[in-house]
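Asks: Fold the following.
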Amino acid sequence: MGMDGAISFRRARYVCSQTGRSVFPLDEALDLPSGDITVSLARRALRLATFIGFAELQQELREQHDVRVTDSTLDALMRKAGGVAYQEQQARVDKLEAASPGLSRERLVRVTRSAPRRMYISCDGITYRTRLRQPDPQHKNRQCLVYQEMKVGCVFWQEEDGAWRKQAVAGRGGPERFGLSLWELAVQCGLLDCPEVIFISDGGLWCQSVAETYFKEARRILDWYHLCEHVWMAARTLYPKDEKLAGNWAGSSMHHLHEGGGVGLLHHLERCRTMRPAQDAPAIEAILNYLRPRLAITNYVAYRRRGYVIGSGMMESTCKQVVAQRLKGPGMQWSEQGALAMTSLVAHRLNGTWNQFWGQRPLQLAA
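Replies: Numbers count the residues shown, from 1 in each chain. I've put the predicted structure just below:
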């Protein structure tokens, strides 16, 4: 399509009489990818696909470019280009795993920007529906959807002008392999020369494993809001039928947390345990068991004094952008390959590397 309407191009097509395979010599001479869509249209369509579902995308393509593209074609394009993006990431991780930790591994990563004054690193998991099925434990002879967790990592910092910047990575590997991808991203953003590095996350064991394996020198912070969620869980267990009393108890507990950090909350909970009836002990003991092993990373009074971010809002928004916006739409179900391909494309768009990625001719590489 041109500014003045449609322009037609004719080129020779040869079909093998035995296999039925079609060959376009001109396409091969021009190094065009196989398929029914040009690279230019594929690039535009897939960028839109990182924002909206295929049904809405088809309508936008008709309105903006006056072209009609089927679901199957869009899905194949996404798998090709996104598959190349994911395989490139995995190939880099393979090289990093093979190298010894330290200088040998660090030399394999290309730093893409100068180190910020303070860098935050975070990770979290978010579930999405897959195409897999499993027996429903509540209904005999029924199948239910299987949900998978996508791990998402985020590196963010504040520029001198006050603007916040971030980079994201996603994957389905274990903590060791995904943590290495997050470490690579942080090194690209200047980790090795950054004077102050902070790792903030919820209390999940795999997040803790990533922090301890790859970011030992970083200051650890337990996400404030995640701890507050545990306070509210205890409050609703203590007052299951009275939301007002539950709110009063949670508010008092979070006041001690705000004023005295985790230690202040610990002392408050220990006093509550001795003063309340015996049947309330399990609810209070549950939050105490969660808090005690994480006490060293809950000094929120000191964190606020130093101007640290103590909540994982940036991480939550990254999970929504990378996974929820595209993988959790109404009725959406994903294969493993499709989910990894789409999140890899979304990450390229968020990280500002979209043009660089397409400069590597991913559709030709996928062929």
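Asks: out of everything not next to it in sequence, what's closest to Leu145?
Replies: Arg129 (5.3 Å; Cβ to Cβ, 6 or more residues apart in numbering). Placement of C-beta: from N, CA and C, glycine included.
Asks: Dig out what that neighbour forms beta bridges with.
Replies: Bridge pairing for Arg129 (DSSP bridges) gives the partners Tyr147.
Asks: and it, how many neighbours does it have?
Replies: 17 (other Cβ atoms under 10 Å).
Asks: could you list every residue that touches it?
Replies: Contact analysis of Arg129 by Cβ atoms under 8 Å, 6 or more residues apart in numbering lists 145-147, 327-328, 332-334.
Asks: What distance do you get for it to Ala347?
Replies: 20 Å (Cβ to Cβ, to the nearest Å).
Asks: With Gly190 instead?
Replies: Counting by Cβ to Cβ, the gap from Gly190 to Ala347 is 19 Å.
Asks: between these two, which one's more packed in?
Replies: Ala347 (28 against 18).
Asks: Surely the more buried one and Gly171 touch.
Replies: No. With contact defined as Cβ atoms under 8 Å, Ala347 does not reach Gly171; the gap is 9.6 Å.
Asks: re the thing from before, could you flag which of the contacts of Arg129 are buried?
Replies: 327, 334 (16 or more other Cβ atoms under 10 Å).
Asks: Turn the contacts of Arg129 into a markdown table, including secondary structure and distance to Arg271.
Replies: A markdown table is the format used below for the contacts of Arg129 (DSSP: H, G, I helix; E, B strand; the rest coil; distance: Cβ to Cβ, whole Å):
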| residue | secondary structure | distance to Arg271 |
| --- | --- | --- |
| Leu145 | strand | 45 |
| Val146 | strand | 44 |
| Tyr147 | strand | 40 |
| Leu327 | helix | 45 |
| Lys328 | coil | 42 |
| Met332 | coil | 48 |
| Gln333 | coil | 49 |
| Trp334 | strand | 48 |
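Asks: Just the closest of the contacts of Arg129 to Ser114, please.
Replies: Using Cβ to Cβ, Leu327 comes nearest to Ser114 of the contacts of Arg129, at 33.5 Å.
Asks: Domain map for this protein?
Replies: For the chain, automatic domain parsing gives the domain ranges 98-222+313-366, 225-305.
Asks: Can you say which of those is nearest to Glu28?
Replies: So among those, domain 98-222+313-366 is nearest, using Cβ to Cβ, at 10.7 Å.
Asks: what about the nearest residue to Pro362 once chain neighbours are set aside, helix or strand, and which?
Replies: Leaving out its chain neighbours, the residue that sits closest to Pro362 by Cβ to Cβ, 6+ apart is Val84, at 4.0 Å. Using DSSP states H and E, Val84 sits in helix 71-98.
Asks: buried ones in that helix?
Replies: Buried, per 16+ other Cβ under 10 Å, within helix 71-98: 73-75, 77-87, 89, 93, 96.
Asks: Stretch 258-278 now?
Replies: Counting neighbours by 16+ other Cβ under 10 Å, stretch 258-278 gives 260-266, 268-269, 272 as buried.
Asks: swap in stretch 287-299?
Replies: 287-288, 290-291, 294, 297-299.
Asks: Closest to the centroid, which residue in this protein?
Replies: Val152 (2.7 Å; Cα atoms, centre = their mean).
Asks: Could you list every helix and strand in contact with the strand or helix carrying Ala246?
Replies: According to DSSP H and E, Ala246 maps onto helix 243-275. Counting contacts by 3 or more Cβ pairs under 8 Å, 6 or more residues apart in numbering; DSSP states H and E, helix 243-275 is packed against helix 224-238, helix 281-291, helix 300-305.
Asks: Just say which of these is most tucked in.
Replies: Comparing the helices and strands packed on helix 243-275 by mean neighbour count (mean count of other Cβ atoms under 10 Å), helix 224-238 ranks first with a mean of 18.
Asks: can you give me the angle it makes with helix 281-291?
Replies: 170 degrees (axes from the mean of the first three to the mean of the last three Cα atoms, to 10 degrees).
Asks: Alpha carbons only: can I get helix 224-238 in CSV?
Replies: The C-alpha trace of helix 224-238 is given here as CSV (Å, rounded to 0.1, in the frame of the first residue of the first chain):
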residue,chain,number,x,y,z
TRP,A,224,6.8,-3.1,52.6
TYR,A,225,3.4,-3.8,51.0
HIS,A,226,4.1,-7.5,50.9
LEU,A,227,4.7,-7.6,54.6
CYS,A,228,1.6,-5.4,55.1
GLU,A,229,-0.4,-8.1,53.3
HIS,A,230,0.7,-10.7,55.8
VAL,A,231,-0.4,-8.3,58.6
TRP,A,232,-3.9,-8.0,57.0
MET,A,233,-4.1,-11.8,56.6
ALA,A,234,-3.5,-12.2,60.3
ALA,A,235,-6.0,-9.4,61.1
ARG,A,236,-8.8,-11.1,59.0
THR,A,237,-8.0,-14.4,60.7
LEU,A,238,-8.4,-12.9,64.1
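Asks: Having no further points to raise, I will conclude here.
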